[in-house]
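Peer 1: Okay, sequence plus prediction incoming.
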Amino acid sequence: EEGWIGCRARGRGAPPQVRRRRFPRARFPRARLRKRAMPPARAAAPSLPPCSDCGAKSDFDLDPELGKATCRCGMVMPYRPAPARQAAKKSPTRIQKWYAEMSRRLGGLPSFVVKDASRMYHACLLKDKERQGCKDLDLALAALDRAMCKIGILRSRPDLLASTAQRVDGDGLTAGKLLVDSKAKEPLPSESPTLEKFVALLCEELKLRGQWAKVAAAVAAQADALGAGRDTPPLTLAATVCVLVVERHPPKEAPSSQTIAAAAGLEEKDLLETYQMQLLPHLQALLDASQEAILPTAPPALGAPAPPSGKLKPVSKRGRGRGGRGGRGR
């Protein structure tokens, strides 16, 4: 950009010299002045020590597969590439930490409920005039209450206020509910979700899509038809269905029982105990339903014609005569 060309001329035993020359910009387009990238085969290796023969600190031929580096003088040295840096994990925000603490105080909440509450909370972060004097924690608690009501988890008003350690009062919760309800696009369901709905929510949270979600829906329908886990909450029974599907039809990256329990807001020991008590007695019927979902059998066609009766005529072997006919050629 300044219109200069730098040329390095290195002599033996002499420091590098830089010569500059003025040139008109019109004769040298900008595309030619770009810095050329060093080829990867002869890239500099700062982690390697200098060559023990010639003392060179760079210009090595690297071979990561064989684990060696060859200097330009022919000296071979061991080489081990540095491990790639992993991306740093994002630290949770203040509201995410608060939701995690509220989930612990309320006895455990499903992860998709916390995500839904966070989404509604961020949708209500408006200007001060439109927030009607609501604080951030007022909106966060109101959004969490609405997200729990969507799936049938009901907590009394005093319990919600007590779980915040007196950081939210009744007036703030009422104002927060008014604002959250005004921004909500759908009304609250009149009935709690069914077992199939909870299974679909958990499969989406655990990234079980495709045939695994189809198998989980079939197993849930069969468990409901058999009456398995009638006295068990639907969310807990849905988590046990996911455990059965993952164990019997493991995906490439199968979630562990601890991950499934955390997604449902349960303890791992309670989840495994429910799995053994409620689903294992009906294991064969549930496995048949899962196999039917993967490989459905076609119903018999009653109107199809019957196969032909009688013996079929044997196929005569062709001879080697002319024209491909049997017998001798003419």
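Peer 2: Good, I have the coordinates.
Peer 1: What pLDDT does the model give the spatially most central residue of the chain?
Peer 2: Closest to where the C-alpha atoms of the chain average out (C-alpha atoms, centre = their mean) is K207, at 5.8 Å. At K207, the pLDDT value in this model is 90.
Peer 1: P250: neighbour count?
Peer 2: 11 (other C-beta atoms under 10 Å). C-beta coordinates here come from the backbone N, C-alpha and C atoms, glycine included.
Peer 1: can I assume it sits in a helix?
Peer 2: No. Per DSSP: H, G, I helix; E, B strand; the rest coil, P250 lies outside any helix segment and is coil.
Peer 1: residues touching it, list them.
Peer 2: Contacts for P250 were tallied using C-beta atoms under 8 Å, 6 or more residues apart in numbering; there are none.
Peer 1: Give me the distance between it and A184.
Peer 2: Note on P250: its distance to A184, by C-beta to C-beta, to the nearest Å, is 38 Å.
Peer 1: Next: T274.
Peer 2: Distance from T274 to A184, by C-beta to C-beta: 33 Å.
Peer 1: Those two: who's more crowded?
Peer 2: Each of T274 and A184 has its neighbours counted (other C-beta under 10 Å); T274 has more, 19 against 15.
Peer 1: How about the contacts made by the more buried one?
Peer 2: With C-beta under 8 Å, 6+ apart, T274 has these contacts: G229, T232, T236, L237, A239, T240.
Peer 1: Need the three-state assignment for the second one.
Peer 2: Going back to what we said before, that points to T232. coil.
Peer 1: tally of neighbours for it?
Peer 2: 17.
Peer 1: my guess is it meets L279, correct?
Peer 2: No. Contact criterion C-beta atoms under 8 Å: T232 and L279 do not qualify, at 9.9 Å.
Peer 1: Just to be sure, V246 is in a helix?
Peer 2: Yes. V246 forms part of a helix when assessed by three-state DSSP.
Peer 1: Low-confidence bits of this protein, can you list those?
Peer 2: The chain contains residues with pLDDT under 70 at 1-47, 80-89, 126-129, 295-330.
Peer 1: Break down the chain into its helices, ranges please.
Peer 2: 94-105, 111-123, 136-150, 157-163, 170-183, 195-205, 211-226, 234-248, 257-264, 268-274, 283-294 (DSSP state H).
Peer 1: May I see the ones you listed arranged in a markdown table, with distance to S58 as well?
Peer 2: Below are the helices of the chain laid out as a markdown table (distance: least, C-beta to C-beta, whole Å):
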| stretch | distance to S58 |
| --- | --- |
| helix 94-105 | 46 |
| helix 111-123 | 50 |
| helix 136-150 | 54 |
| helix 157-163 | 61 |
| helix 170-183 | 60 |
| helix 195-205 | 50 |
| helix 211-226 | 51 |
| helix 234-248 | 51 |
| helix 257-264 | 47 |
| helix 268-274 | 53 |
| helix 283-294 | 57 |
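Peer 1: quick one: which of those is nearest P78?
Peer 2: helix 257-264 (40.7 Å; C-beta to C-beta).
Peer 1: Counting neighbours, which bits of the closest one end up buried?
Peer 2: S257, T259, I260, A261, A262, A263, A264 (16 or more other C-beta atoms under 10 Å).
Peer 1: CA atoms only for it, dumped as PDB, please.
Peer 2: In PDB, the C-alpha atoms belonging to helix 257-264 read as follows (Å, rounded to 0.1, in the frame of the first residue of the first chain):
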ATOM      1  CA  SER A 257     -28.300 -43.700  31.700                       C
ATOM      2  CA  GLN A 258     -26.900 -40.800  33.700                       C
ATOM      3  CA  THR A 259     -27.400 -38.500  30.700                       C
ATOM      4  CA  ILE A 260     -30.900 -39.600  30.200                       C
ATOM      5  CA  ALA A 261     -31.700 -39.200  33.900                       C
ATOM      6  CA  ALA A 262     -30.200 -35.600  33.800                       C
ATOM      7  CA  ALA A 263     -32.300 -34.800  30.800                       C
ATOM      8  CA  ALA A 264     -35.500 -35.900  32.600                       C
END
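Peer 1: so what secondary structure elements neighbour it?
Peer 2: helix 111-123, helix 195-205, helix 234-248, helix 268-274 (3 or more C-beta pairs under 8 Å, 6 or more residues apart in numbering; DSSP states H and E).
Peer 1: and with 6 Å instead?
Peer 2: Packed against helix 257-264, as judged by 3 or more C-beta pairs under 6 Å, 6 or more residues apart in numbering; DSSP states H and E, are the following elements: helix 234-248, helix 268-274.
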